[in-house]
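# Provide a 3D model corresponding to the input given below.
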Amino acid sequence: MSDKIIELGIIFLLMYTPVGFGGSEFAVTLLEFVSGVLLLVWLAKIFARRRQSSHRTHPVSLRTTGVVRGKPTRTDRRNGRHRRMILPAFLGIIGVFCALILLQLFPLPGWLVNVLSPGTYRLYAEGASQTAAAIPRWLSFSVCSHATEVEFSLFLAYAALFVVLINTLRSSKQITRLVYVIIAVGLCESIYGFSQLSGQKNWQLVGTFVNRNHLAGYLEMVIPLVFGVVFVCLEERGSAPLKKFVNLFEEKYLKAILLLFVALVMICALLL
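Below is the predicted model:
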């Protein structure tokens, strides 16, 4: 049940964040909130499975039974109950990066900031001289702490969503569903952008995004994904040319043709 909730939450984010005014401030806030909820759901699932596994484990002698204590059965492995938790190898680098951000937000004595970062202290001095105010005794390395806090919270949301995703969505069906959701959103953005061309002289597509470059950047990520699915559909090894021609009418080849048409629509939207 928790896996379904997490998958539906990720699908909701993939659909709403680009459509919701092109990733506006509210969409970003919603992304952070939903990412935190999905992280809590995943942690609750891990805690429940640990407790369930400890209750199933009994201190039975190995000499009399020959059974390894706590060894998962075939049913457990099929249901994914004893899946190993996946943590990225660069988790330590992420921790160091977060510590660096927190260091930039932590207030330090002004003389120490002047020693460690003279350029930062010079900016504070210039700002104080223009406003005829005194330089505060305690300063932070970040001259715009609010922007640093906003980006730090967004980074934490991305990291949490990444860890939850790689530990929950592992089957090919789950990944395929996410891929098709992304492709569908890219197609809808392109079609909506085409509908905006009526009455325009400059022929520029914006879609639901604030800036046309944002729509172009989104399509630049979706279009290679479409071609990746097409290559998987067309994968055929060791077949004769006649057999390949007959197979053109199979379902997977018809799906590839449909995806190529979708890619063509997105490419046209990208060029505009």
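
# tell me the buried residues in the helix or strand hosting Leu100?
According to DSSP states H and E, Leu100 maps onto helix 91-105. For helix 91-105, a neighbour-count test (16 or more other CB atoms under 10 Å) marks 101, 104 as buried. No exception for glycine: its C-beta is placed from N, CA and C like everyone else's.

# pull the residues that contact it.
Helix 91-105 has contacts (CB atoms under 8 Å, 6 or more residues apart in numbering) with 88, 140-142, 145, 148-149, 152, 155-156, 159.

# shaky segments in the stretch 1-150 of the chain?
Within the stretch 1-150 of the chain, the segments meeting pLDDT under 70 span 21-23, 55-83.

# strands along that one, start to end?
Along the stretch 1-150 of the chain, the stretches classed as strands by DSSP state E, counting those that start in this stretch are 108-109, 138-139.

# okay, those, which one's buried deepest?
Compared across the strands of the stretch 1-150 of the chain, strand 138-139 shows the largest average neighbour count, a mean of 16 (mean count of other CB atoms under 10 Å).

# and that one, what other elements does it pack with?
Using 3 or more CB pairs under 8 Å, 6 or more residues apart in numbering; DSSP states H and E, the elements in contact with strand 138-139 are strand 108-109, helix 110-116, helix 118-131.

# partner strands of it and their direction?
In the sheet, strand 138-139 lines up against strand 108-109 (antiparallel) (DSSP bridges).

# coming back round to it: I'd like the helices and strands packed on strand 138-139 as TSV, with distance to Gly92 appended.
Output for these, formatted as TSV (distance: least, CB to CB, whole Å):
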stretch	distance to Gly92
strand 108-109	25
helix 110-116	24
helix 118-131	27
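
# for Ile5, which of these is the nearest?
Ranking the helices and strands packed on strand 138-139 by proximity to Ile5 (CB to CB) places strand 108-109 first, at 42.7 Å.

# ok, residues contacting that closest one?
In this structure, residues lying in contact with strand 108-109 by CB under 8 Å, 6+ apart are 116, 137-141.

# ok, 7 Å please
The contact list for strand 108-109 (CB atoms under 7 Å, 6 or more residues apart in numbering) reads 137-140.

# could you dump the strands of the stretch 1-150 of the chain to CSV with distance to Glu7?
CSV is the format used below for these (distance: least, CB to CB, whole Å):
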stretch, distance to Glu7
strand 108-109, 44
strand 138-139, 45
